[in-house]
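1. sequence and predicted structure below; questions after.
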Amino acid sequence: MNHLSEKQVEKITEDLKMKGLTQKHINSEILDHVCCAIEYEMENEKKFEEAYQIVLNSFGEEALQTLQQDIVRAIPRKFSVFKKVTTGFTTAAACLCVFMMFAGDGNAQEKPTIKPVEATCVVSSDFGKRFHPTYKEMRFHTGIDFKAKKGAPVFATADGYVEKIVYNHAGYGNYLIIKHNEEYLTLYSSLDEIDVQQGQEVKQGETIASVGKTPASTGTHLHYEIMKNGEKVNPKDYFKE
Amino acid sequence: MYICIMYSKELLKGTLQTIILKLLSENEKMYGYEITQRVKEMSEGKVQITEGALYPTLHKLEAEGLLITETMNIGKRVRKYYSITSQGSEKATSKVNEFAEFVKTMQLLLSPNLNTNL
């Protein structure tokens, strides 16, 4: 089997860098994969330059740009603590940190403490028993509604990762759920466009979607819910007006 | 998700983990490119796993403790080898059995109904 020379490997690395694919996009594992694919083409009588182009075309530069991100997203968030473990001692330390995080003494940014919309948007419908404007009867409102224009930005109210995205739900319309930790989940519904993907890590304040409407609602608004230990709680207790 | 010449994406979507775990349970260690080549050979060219599908899956399985890795320097290149753990081996067996059961069930559902009342 032909092995690429060190010079050829350097040429590949340099060329990829020029295309904007630095080590951030192409780690050593992916580089090795690219080199193996080139060696395979060269086994089939192709010269180095030609083999390189064939491989680059078959991979697709766009796919290479997002590959590293896809790898990170594939790993469930709770496992990222254990990725850093290398010895028994650090395992114990990591376990202690995780336990404390789950016990509620964790990073304050995992608790939803901000408004999911711009400060100017007011609450149009409160949490709890209310008269439903469309169904014309008393119902328990499991979250709060913010009045907002169509397309207004929706923000993640705490750090976490996108657990679920659903389109065209009969009641919620387009919605997504973010998992922050074992205690807190937040739900954002009546969305127009969703800017994140399932599994994506998000930070508090990051734009995740835009405001839309649901089939049953009277106007564009964001419906927002907080679940603490599986129970729906009043989001108004969590942010400062 | 993977490039496949013979079968639809949907059909293969749930089986990539099973394929990788089974392959690694029968080999001491393999690196990414080697896995794609072996799967291509064994499937007679019908299943070609893209790196976009392979690496996220490998890293997920590693994070779940089903695979472990070791790296080896080959000149300027660094090659990462994947091996299966005992937990991974158990998972491989259960996933293979689950798939075999699934195939049996599908055959029941999809085989022609010969008991027609004429």
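-> Cool, the structure landed.

2. next SSE after the longest helix seen in chain A?
-> Ranked by residue count under DSSP state H, the longest helix found in chain A is helix A:28-43. Next in sequence after helix A:28-43, counting helices and strands by DSSP states H and E, comes helix A:48-59.

3. what is that following helix packed up against?
-> helix A:6-18, helix A:28-43 (3 or more Cβ pairs under 8 Å, 6 or more residues apart in numbering or on different chains; DSSP states H and E). Glycine gets a C-beta too; all of them are placed from N, C-alpha and C.

4. repeat that with 10 Å
-> helix A:6-18, helix A:28-43, helix B:51-63 (3 or more Cβ pairs under 10 Å, 6 or more residues apart in numbering or on different chains; DSSP states H and E).

5. what mean pLDDT does that helix have?
-> Average pLDDT, helix A:48-59: 90.

6. quick check: buried residues in it?
-> A:48, A:51-52, A:54-56, A:59 (16 or more other Cβ atoms under 10 Å in any protein chain shown).

7. out of those residues, which is nearest to chain B?
-> residue A:59 (6.8 Å; Cβ to the nearest Cβ).

8. let me see the contact set for the closest one.
-> A:30, A:33-34, A:37, A:67, B:50-52 (Cβ atoms under 10 Å, 6 or more residues apart in numbering or on different chains).

9. local confidence estimate at the most centrally placed residue in chain B?
-> Centroid check for chain B by Cα atoms, centre = their mean gives residue B:19 as the closest residue, at 1.7 Å. The model reports residue B:19 with a pLDDT of 96.

10. kindly report the same for the one 3 residues further on.
-> Predicted confidence (pLDDT) for residue B:22: 96.

11. next up, the contacts around it.
-> B:15, B:84, B:89, B:91-93, B:95-96, B:99.

12. most neighbours of all these, which one?
-> Counting neighbours by other Cβ atoms under 10 Å in any protein chain shown, residue B:84 comes out on top of the contacts of residue B:22 with 25 neighbours.

13. distance check, that one against chain A.
-> 18 Å (Cβ to the nearest Cβ, to the nearest Å).

14. quickly list what that residue is bridged to.
-> residue B:67 (DSSP bridges).

15. all helices for the chain, in order.
-> All of this is about chain A. Under DSSP H, chain A gives helices at A:6-18, A:28-43, A:48-59, A:61-74, A:80-83, A:88-100.

16. you looked at the wrong chain, it should be chain B
-> Listed in chain order, the helices of chain B (DSSP H) span residues B:9-13, B:16-25, B:32-42, B:51-63, B:86-110.

17. where does the prediction get shaky in the chain?
-> I went with chain A, as the question did not name one. A:1-2, A:24-25, A:77-108, A:241 (pLDDT under 70).

18. ah, I was thinking of chain B
-> In chain B, residues with pLDDT under 70: B:1-13, B:114-118.

19. which residues are in contact with the closest residue to residue B:95 other than its chain neighbours?
-> Once flanking residues are discounted, residue B:95 sits nearest to residue B:18: 4.3 Å by Cβ to Cβ, 6 or more residues apart in numbering or on different chains. Remark: with contacts taken as Cβ under 10 Å, 6+ apart, residue B:18 is in contact with B:91-92, B:94-96, B:98-99.

20. against residue A:187, how distant is residue B:18?
-> Separation of residue B:18 from residue A:187 (Cβ to Cβ, to the nearest Å): 33 Å.

21. next one: residue A:69
-> With distances taken as Cβ to Cβ, residue A:69 is found 25 Å from residue A:187.

22. and what of residue B:38?
-> Residue B:38 is 44 Å from residue A:187, by Cβ to Cβ.

23. okay, those two: which has more neighbours?
-> residue A:187 (21 against 15).

24. show me what that one is bridged to.
-> With DSSP bridges as the rule, residue A:187 is bridged to residue A:177, residue A:225.

25. ok so, going back, right, and the residue nearest to the centre of chain B touches residue B:47 too?
-> Yes - using Cβ atoms under 10 Å, residue B:19 is in contact with residue B:47, at 7.5 Å.

26. spatially nearest residue to residue A:66 (excluding sequence neighbours)?
-> residue B:52 (7.9 Å).

27. got the contact list for the residue nearest to residue A:132 when sequence neighbours are not counted?
-> Distances taken as Cβ to Cβ, 6+ apart place residue A:139 nearest to residue A:132, at 4.6 Å, with adjacent residues excluded. Applying Cβ under 10 Å, 6+ apart to residue A:139 gives the contacts A:129-132.

28. tabulate those in TSV, adding columns for neighbour count and distance to residue B:108.
-> Below are those laid out as TSV (neighbours: other Cβ atoms under 10 Å in any protein chain shown; distance: Cβ to Cβ, whole Å):
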residue	neighbour count	distance to residue B:108
A:129	9	50
A:130	13	50
A:131	11	52
A:132	15	46
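
29. relative to chain B, which of these is nearest.
-> Ranked by distance to chain B (Cβ to the nearest Cβ), those are led by residue A:132 at 38.6 Å.

30. which phi and psi does the closest one have?
-> Dihedral angles of residue A:132 (phi, psi; degrees, to the nearest 10) stand at phi -70, psi 120.

31. what parts of chain B come near chain A?
-> B:3, B:31-37, B:50-65, B:69, B:71-80 (Cβ under 10 Å from any Cβ of the partner chain).

32. go again with 7 Å.
-> Within chain B, the positions lying close to chain A (Cβ under 7 Å from any Cβ of the partner chain) are B:32-33, B:51-52, B:55-57, B:59-60, B:63-64, B:75-80.

33. buried only: go through the residues you listed for me.
-> Judged by 16+ other Cβ under 10 Å, buried ones among those: B:32-33, B:51-52, B:55-57, B:59-60, B:63-64, B:76-77, B:79-80.
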